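In: for reference, the sequence and a predicted model appear below.
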Amino acid sequence: MQRATKKKGIRVAEINCKTALSPSRLPGFDYALNPYRGCAHGCKYCYAPNTLRIPRREWGGFIEVRRNIPKVLGGELRKKKKGVVGISTTTDPYQPAEKEYELTRHCLSQLLRYDFPVSILTKSDLVTRDLDLLSRFSEVEIGFTITTDNDGERKQLEPNAPSLESRLASMAECSSQGIVTYAFFGPLYPTINEKGLKELVKKVKGAGATKIMADRLNLKPGVWDSVNNALVTDSTQRSIWKESIFGKDKGYDRLFSFLKKICTELEIDYEMQDY
């Protein structure tokens, strides 16, 4: 049975799922848990539409709410071998719908009963709502996606996601509760300069991040067109992105080399994604 509504311009379909935990192919994760399908953040560079086989023109305009997933998860946890659960691997578990449905929170309650290790990646400050649960896990880490030092450019490419300032503040709050946090610079915007990058690393370290993971733009089909169209009003930004991705001067390589050097100098762990 499926019930569909429209909220704030987003089509929301409430569905039932048959499974909650899926085997994960991502390094460090044994399972993937995705309470939602689709994401209201509408990030222009996201490659989840390719993974989920969703038309890119629809991305950001709908979500599917797996309303029974906490109950299904509870049944699976009684039988599953304990392992690291990645929440969530294809969409943000703390996107706006979570305020109403609280599926991620209810899933955390189930995971806490069996004390499964948990790893969360989000752009949202809503994660701090669940610190009462998260602080009780034996093993938990929270990653915050931070892609640029320019919130104006962030608004162009991540139109419905929380601000950079709110992410840093949330990271600091989680860190203050003794939770391991990290920053995911992915995709790192190539428009950031070396001075800005160094300041950004200082900010995430100051907010308590124990490491920085970095990634470049994942060029799945349609991704570059989506980014290019979002930057249509700024020819300078477009040219920097295009040259960094397709040019011969290896702008992205130099940027990541500098990032690695900064992390060494500031004594924060650095990891480059290679998948």
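Out: Sure thing, it's come through. Numbers count the residues shown, from 1 in each chain.
In: check what pLDDT the residue nearest to the spatial centre of the chain gets.
Out: Centroid check for the chain by Cα atoms, centre = their mean gives Thr122 as the closest residue, at 4.0 Å. Predicted confidence (pLDDT) for Thr122: 98.
In: same question for the one 5 residues further on.
Out: Among the per-residue scores, Val127 holds a pLDDT of 98.
In: could you number the chain from 854 rather than 1 from now on?
Out: Let's use 854 as the start, then, which means that last one is Val980.
In: name the element the closest residue to it other than its chain neighbours belongs to?
Out: Closest residue in space to Val980, ignoring its immediate chain neighbours: Tyr947 at 5.1 Å, by Cβ to Cβ, 6 or more residues apart in numbering. (Each C-beta comes from the backbone N, C-alpha and C, glycine too.) Using DSSP states H and E, Tyr947 falls within no helix or strand.
In: and for Tyr947, the neighbour number?
Out: For Tyr947, the count of nearby residues is 28 (other Cβ atoms under 10 Å).
In: where's Ser875, which helix or strand?
Out: Assigned by DSSP H and E, Ser875 falls within strand 874-876.
In: in that strand, what's buried?
Out: Going by neighbour count (16 or more other Cβ atoms under 10 Å), the buried part of strand 874-876 is Leu874.
In: tell me what whichever helix or strand comes after that strand is packed against?
Out: Under the assignment DSSP H and E, the closest C-terminal helix or strand after strand 874-876 is strand 884-886. Where contact means 3 or more Cβ pairs under 8 Å, 6 or more residues apart in numbering; DSSP states H and E, strand 884-886 is packed against strand 874-876, strand 938-940.
In: now do strand 884-886: distance to the chain's middle.
Out: Centre-to-centre, strand 884-886 and its host chain are 14 Å apart (Cα atoms, centre = their mean, to the nearest Å).
In: just stretch 938-949 next, same as before
Out: Its chain's C-alpha centre and that of stretch 938-949 lie 7 Å apart, by Cα atoms, centre = their mean.
In: do stretch 899-911 as well
Out: For stretch 899-911, the separation from the chain centroid amounts to 15 Å (computed by Cα atoms, centre = their mean).
In: buried set for it?
Out: Neighbour counts over stretch 899-911 (16+ other Cβ under 10 Å) mark Cys899, Tyr900, Ala901, Pro902, Arg909 as buried.
In: which one of those is nearest Leu1010?
Out: Nearest to Leu1010, judged by Cβ to Cβ, of the buried residues of stretch 899-911 is Cys899 at 9.6 Å.
In: quick check: phi and psi at Lys1064.
Out: The phi and psi torsions at Lys1064 (degrees, to the nearest 10) take the values phi -160, psi 160.
In: gap between it and Glu1052?
Out: Distance of Lys1064 to Glu1052, given as Cβ to Cβ, to the nearest Å: 18 Å.
In: again with Val993
Out: Val993 sits 28 Å away from Glu1052, going by Cβ to Cβ.
In: could you do Tyr889 as well?
Out: 33 Å.
In: okay, these two: which has more neighbours?
Out: Tyr889 (24 against 13).
In: the more buried one and Val918 touch, don't they?
Out: Yes. Between Tyr889 and Val918 there is a contact under Cβ atoms under 8 Å: 6.1 Å.
In: max-length helix in the protein?
Out: For the chain, the helix with the greatest residue count under DSSP state H is helix 1104-1118.
In: distance from that helix to the middle of the chain?
Out: Worked out by Cα atoms, centre = their mean, helix 1104-1118 lies 22 Å from the chain centre.
In: who are the packing partners of it?
Out: Counting by 3+ Cβ pairs under 8 Å, 6+ apart, the packing neighbours recorded for helix 1104-1118 are helix 1047-1059, strand 1064-1067, helix 1088-1099, strand 1122-1125.
In: now it and helix 1047-1059, what's the angle there?
Out: 40 degrees (axes from the mean of the first three to the mean of the last three Cα atoms, to 10 degrees).
In: for the record, mean pLDDT for helix 1104-1118?
Out: On average, helix 1104-1118 scores 93.
In: pull it out as PDB, backbone CA atoms only.
Out: This file holds the C-alpha atoms of helix 1104-1118, laid out as PDB (Å, rounded to 0.1, in the frame of the first residue of the first chain):
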ATOM      1  CA  GLY A1104      44.000  21.500 -11.200                       C
ATOM      2  CA  TYR A1105      42.200  18.900  -9.000                       C
ATOM      3  CA  ASP A1106      45.400  16.900  -8.500                       C
ATOM      4  CA  ARG A1107      47.200  20.000  -7.300                       C
ATOM      5  CA  LEU A1108      44.300  20.900  -4.900                       C
ATOM      6  CA  PHE A1109      44.300  17.500  -3.300                       C
ATOM      7  CA  SER A1110      48.100  17.500  -3.000                       C
ATOM      8  CA  PHE A1111      47.900  20.800  -1.200                       C
ATOM      9  CA  LEU A1112      45.100  19.500   1.000                       C
ATOM     10  CA  LYS A1113      47.200  16.500   2.000                       C
ATOM     11  CA  LYS A1114      50.100  18.800   2.900                       C
ATOM     12  CA  ILE A1115      47.800  21.000   5.000                       C
ATOM     13  CA  CYS A1116      46.400  18.000   6.900                       C
ATOM     14  CA  THR A1117      50.000  16.900   7.700                       C
ATOM     15  CA  GLU A1118      50.900  20.300   8.900                       C
END
